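[1] got a predicted model here, sequence first, then my questions.
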Amino acid sequence: MNWFRVVASRLRGLFSKHRLDGDLDAELRAHLEMLTEENKRRGMSLQEARYAARREFGGLEQTKESYRDQRSLPFLETFLQDLRYGGRTLKKNPGFTAVAILTLAAGIGATSAVFSVVDRILFRSLPYPHEARLVSLGFKAPLDSMEFMLGADYLEWRAQQTAFEAMTTMRPGVSDCDLTQQNPARLTCSEVESTFLTTFEIPPFLGRNFTREEDRPNAPPVALLSYALWRSRFAGDPSIVGKTIPLDGTPTTVVGVLPRTFEMPTLARVDLLSPQALDEGAQQRPNTGAVLRGFARLKPGVSPAQAAIALQPAFEQSLNFVPPAFRKEVSLVVRSLQDRQIHDSRLAAWIFLGSVLAVLLVACTNVANLLLARATTRQRELAVRTALGASRGRLIRQSLTESLLLGLLGGAAGCCVAYGLLRWFVSLAPSEIPRLQQASLDSRALLLALAVSLLSGLLFGIAPALRRPAPELLAGKEIRSTSRSIFRELLVAGQIAASLVLLASAGLLLRSLWNLQSVSLGMETDKVVTGKISLGNYHYPDAAKQLAFFERLETALKRLPGVSSLALSDSLPPSGGMRSTIYARIEVAGRPMPAEGTGGMVGWRAVTPNYFSALRIPILRGRGFHDEDRAPNENPIILNETLAQRLFPNEEALGKSLKFSMIGPWRTVVGIAENVRNNGLTEAADPEFYIPWKADVAGDFQTAHVIVRTAMNPEATAAWMRLETAAIDPALPIEIQTMRQRVDKLTQRPKFNALLLSLFAATGMLLAAIGLYGVVSYLVVQHTQEIGIRMALGAKPSNILRMILLHFFRWTIAGALLGLLGSWFAARLLESLLFEVRVHDPWPLAFAVGLLFVVAFFAAWIPARRAMRVDPIVALRSE
Amino acid sequence: MPPSKAEVLQGTLDLIVLKTLEALGPLHGYGIAQRIQQVSEDLLKLNQGTLYPALLRLEQRGWISSKWGVSDNNRKAKFYSLTRAGRKQLLAETETWERTTALMTRLLRGAEGA
């Protein structure tokens, strides 16, 4: 390959330049000397001979130049030269270089890390083919926060619908199931319809999907394993399909393995899928049948809104079977699957994206500002280079190379920052933000951020090179361009505005977090350890067996040292998840049922007598439960204050009789308990009541929380609790948390939000301060002479200081005003994330403005002080 | 009036250098320049300096090779010699050149005859 040889030889030329230059010199010198001798032989004098030789030879330097161009790659050579020069310049100003690189690193790092996270939440598509056509649908009603369907409705809708290619259902939630082998394991299982995988267009990794026959009641049990379970429990056995495994004691045939990337539409983690085996015959009116989660695949070109319209007639038909009193509160929901998954993370994600873009903006402005400042001080250098013959193009190339070098260094540092930040986010992130755990550094985000900062660097880096330097600069005269310095001050004002918005937003979130953490729960959470136990169906098939287990456990745990109070309950405050009933279905003796409305939901718990003392929940009136209340024919009930107020607004609740869910005995109100937060921290307590923990028609004792108030340290107590549980049933897992940890979990997300935004605000403010500092120092250097003259004419140093500070406070105030406006809009966006904070709460804003002014003052004061120390003699002489 | 010197035709310098080296064997830059002027009987205006980038170009293409040596008058000089690839190239280029000149001659004659 000829061109290859040429390029190789040219590259050689590039790297052994010195030796080759020497060779060329020697060769040309020899040539000239031979010519000179020849001329002398022809009778010329030495002088004449030399001149003639030069003439015949032609331009020596031109020859060398074109020889060199021929020898190496001129483009590359200039580039390397520029690069070396740029490197030297950067090394010469370590302060400038460090600030520029750190600024870029902060901007690029934060942006890429946040974008990588936000991208997973907002933009990344779900792992199903044609995922945009997948929807979740059902009734929206106070019963459930997510849409649901009833068996009868599903069958009717499926028969009538026209908008969907396919519809499918699954049973809500996940359940525990036990792999009852020699080495038993607790699995998380979910039940789905046979059309589930086909609707999502997910083929099994191994084996096959469920058949319709397998999805009928009393069909021989079959299961699909998750990839993770198949690998961990069955060592990736390739012949697993067709084998039987004992599931809750029943031999179950494995028909397939799910793909590794499979994800439930509810985002629940499951080990195993089995058919839901819906008994279609039992789903006939007037029975409502099973509660199901519905999903569907839209026909191409149909939007969820259109599908909702198409479903409307079927929905109205179903509505006829809803008790007339409740109809108003039931609506139809058809929404994209993506929407169902991320609905409450979306706002936070957009806010992060917005704030990180603000940080990037501040960072870019800083880089631009730094480069502009430096360009002005380098005008003389450019003038000298122009005078020595450098072309405009050459100067621009030089500037570009330098900006590029800076950008690349900043980009490399930014990658490190991004990587570290992302690791930190993931370790910190609350588990309920979907997909965050899988976030990885997004190369597109990194490239984008790098491109933006490079672009700003380039733009402002070459701006000065584009102008022809004025020849006066050679004489050492400074030419001040006022337009550019105003531009720089505008940039600083913009930075201040952006930082103020970030600071004010962070202030609001922090204040909200503070309120949240000091919210009164209605109980004492210190020194309480809780353990959650969930009994398997196989070993504990009925309430009698379950109660027997918990009774043994209660007796055993009571003996533990340091336990002052021990209770059992089927659910725990303050998170939701308690059992509930419709308010309108609570029947009070001697009072008609309400005619209209559901009245919302009322939560309830079955608790042992010590529940109130273990959590220190005050009984306001009446009494708590006694051990005698656990006798079979005692039916006391305790209401929380809200429920008592609501049911008996103007009468004494104690002693009244009531019944709920139209089942069970009449229960007598024996006490009124203080409200305890029972629906998260931000909501006021929902109405709630308590019944004794004992065999009861309403009771279900599969899952229980053990509540231990102890003087001992929680780790020791936890170890004992595990030991005692294992002594009764060694295969039973117990999930131990202190009450404090349970409550902290609820503040995890607001904490994450506040922390992230505070981080951005701090970065933004720091960068803005650096920007301001840079501009002021530059101005002081530029105006040294003016300051000298003023001082020579009698100005005091303090006058000078005031002059400079006043000048900058004008710009800071302008920026702050703009920032206030921005904060006002930002606060409205944040509104739904705030807890007990007024949107336009003046305190966080005042704090932000105050902080900003203090920082801005110091950023301007430190360099301005230098102006005070200007020696007039030196200043005047510098001309 | 003496005939004005012709500029070296674009692209012909390579051929001239190769031919010179074929005729005289290894030669230094000065020698090549002298030879060209001698043969062209000073009709060719050659800036001797332009020879060097051309020599480098030929060397980069592998048609000639260079070696430091000592000249007749005991001077250190770089000697260029034709390589095998250079010989082949010379043959090919000579042929092309002859074809071109023959064609041009025919065309010009034909134009006169018409």
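    Okay, I see it.

[2] pLDDT at A:A219, what is it?
    pLDDT recorded at A:A219 is 89.

[3] got phi/psi on it?
    Here is the backbone geometry of A:A219 (degrees, to the nearest 10): phi -70, psi 160.

[4] the helices in chain B, which residues?
    Secondary structure of chain B (DSSP state H): helices at B:12-24, B:29-39, B:51-60, B:84-113.

[5] quick one: list the elements packing against the longest one.
    When contacts are defined as 3 or more CB pairs under 8 Å, 6 or more residues apart in numbering or on different chains; DSSP states H and E, helix B:84-113 packs onto helix B:12-24. From N, CA and C alone the C-beta is placed, and that goes for glycine too.

[6] and for the first one?
    For helix B:12-24, the contact count by 3+ CB pairs under 8 Å, 6+ apart identifies helix B:29-39, helix B:51-60, strand B:64-70, strand B:76-82, helix B:84-113 as packing neighbours.

[7] buried ones in that helix?
    Within helix B:12-24, the residues scored as buried using 16 or more other CB atoms under 10 Å in any protein chain shown are B:L13, B:D14, B:L15, B:I16, B:V17, B:L18, B:K19, B:T20, B:L21.

[8] now the fourth one. Nearest residue, chain neighbours left out?
    Excluding its sequence neighbours, the residue lying closest to B:I16 (CB to CB, 6 or more residues apart in numbering or on different chains) is B:I36, at 6.0 Å.

[9] same question, A:L851
    Counting by CB to CB, 6+ apart, A:L851 lies nearest to A:L503, which is 6.4 Å off, once chain neighbours are set aside.

[10] out of the helices of chain B, which gets nearest to A:N650?
    helix B:51-60 (106.3 Å; CB to CB).

[11] near chain A, anything from that closest one?
    Yes - applying CB under 8 Å from any CB of the partner chain, one finds helix B:51-60 touching chain A at B:Y52, B:P53, B:L56, B:R57, B:E59, B:Q60.

[12] just name the most buried of the helices and strands packed on helix B:12-24.
    Comparing these by mean neighbour count (mean count of other CB atoms under 10 Å in any protein chain shown), helix B:51-60 comes out on top with a mean of 21.

[13] and that one, what does it pack against?
    Packing partners of helix B:51-60 (3+ CB pairs under 8 Å, 6+ apart): helix A:2-15, helix A:17-41, helix A:60-71, helix B:12-24, helix B:29-39, strand B:64-70.

[14] and the ones you listed: which comes nearest B:E93?
    For B:E93, the closest of the helices and strands packed on helix B:51-60 is helix B:12-24, at 5.1 Å, according to CB to CB.

[15] show me the contacts for A:P204.
    By CB atoms under 8 Å, 6 or more residues apart in numbering or on different chains, the contact set of A:P204 is A:L197, A:L224, A:G256, A:V257, A:L258, A:P259.

[16] the third one and A:W230 touch, don't they?
    No - under the criterion of CB atoms under 8 Å, A:G256 is not in contact with A:W230, lying 9.6 Å apart.

[17] okay, and the common contacts of the two?
    Common contacts of A:G256 and A:W230, defined by CB under 8 Å, 6+ apart, comprise A:L206.

[18] where does the closest residue to chain B within the stretch 301-450 of chain A sit: helix, strand or coil?
    Nearest residue of the stretch 301-450 of chain A to chain B, counting by CB to the nearest CB: A:G389, 20.7 Å away. Here A:G389 is coil, with the state taken from DSSP: H, G, I helix; E, B strand; the rest coil.

[19] around it, how many other residues sit close by?
    For A:G389, the count of nearby residues is 7 (other CB atoms under 10 Å in any protein chain shown).

[20] can you pull the phi/psi pair for it?
    The phi and psi values for A:G389, taken as degrees, to the nearest 10, are phi 110, psi 10.

[21] mind checking pLDDT for it?
    Value listed for A:G389 in the pLDDT field: 75.

[22] quick check: buried residues in stretch A:687-704?
    Buried positions in stretch A:687-704, judged by neighbour count with 16+ other CB under 10 Å: A:687-694, A:696, A:699, A:701-702, A:704.

[23] ok so, going back, between the contacts of A:P204, which sits nearest A:L516?
    Of these, the one sitting nearest to A:L516 (CB to CB) turns out to be A:L258, at 38.9 Å.

[24] count the neighbours of the closest one for me.
    With other CB under 10 Å as criterion, A:L258 counts 26.

[25] which residues sit in contact with it?
    Contacts here follow CB under 8 Å, 6+ apart; on that basis A:L258 touches A:I202, A:P204, A:F205, A:L224, A:L225, A:S226, A:Y227, A:L273.

[26] once you drop chain neighbours, what's closest to the fourth one?
    Read that as A:L224. A:L273 (4.4 Å).

[27] for the one you found, report the pLDDT, please.
    pLDDT, A:L273: 94.

[28] sorry, back to before: tell me which of the helices and strands packed on helix B:51-60 sits nearest to A:E715.
    Among the helices and strands packed on helix B:51-60, the nearest to A:E715 by CB to CB is helix A:2-15 (65.1 Å).

[29] chain center to the one helix or strand A:V135 maps to, what's the gap?
    Secondary structure from DSSP states H and E places A:V135 in strand A:134-140. Remark: strand A:134-140 is offset 26 Å from the chain centroid, using CA atoms, centre = their mean, to the nearest Å.

[30] same check on stretch A:540-554?
    Taking CA atoms, centre = their mean, one finds stretch A:540-554 lying 42 Å from the centre of the chain it belongs to.

[31] go on, stretch A:731-740?
    Offset of stretch A:731-740 from its chain centre (CA atoms, centre = their mean): 28 Å.

[32] what's the answer for stretch A:741-748, then?
    Worked out by CA atoms, centre = their mean, stretch A:741-748 lies 18 Å from the chain centre.

[33] roughly how far does A:Y538 sit from chain B?
    As judged by CB to the nearest CB, to the nearest Å, A:Y538 and chain B stand 84 Å apart.
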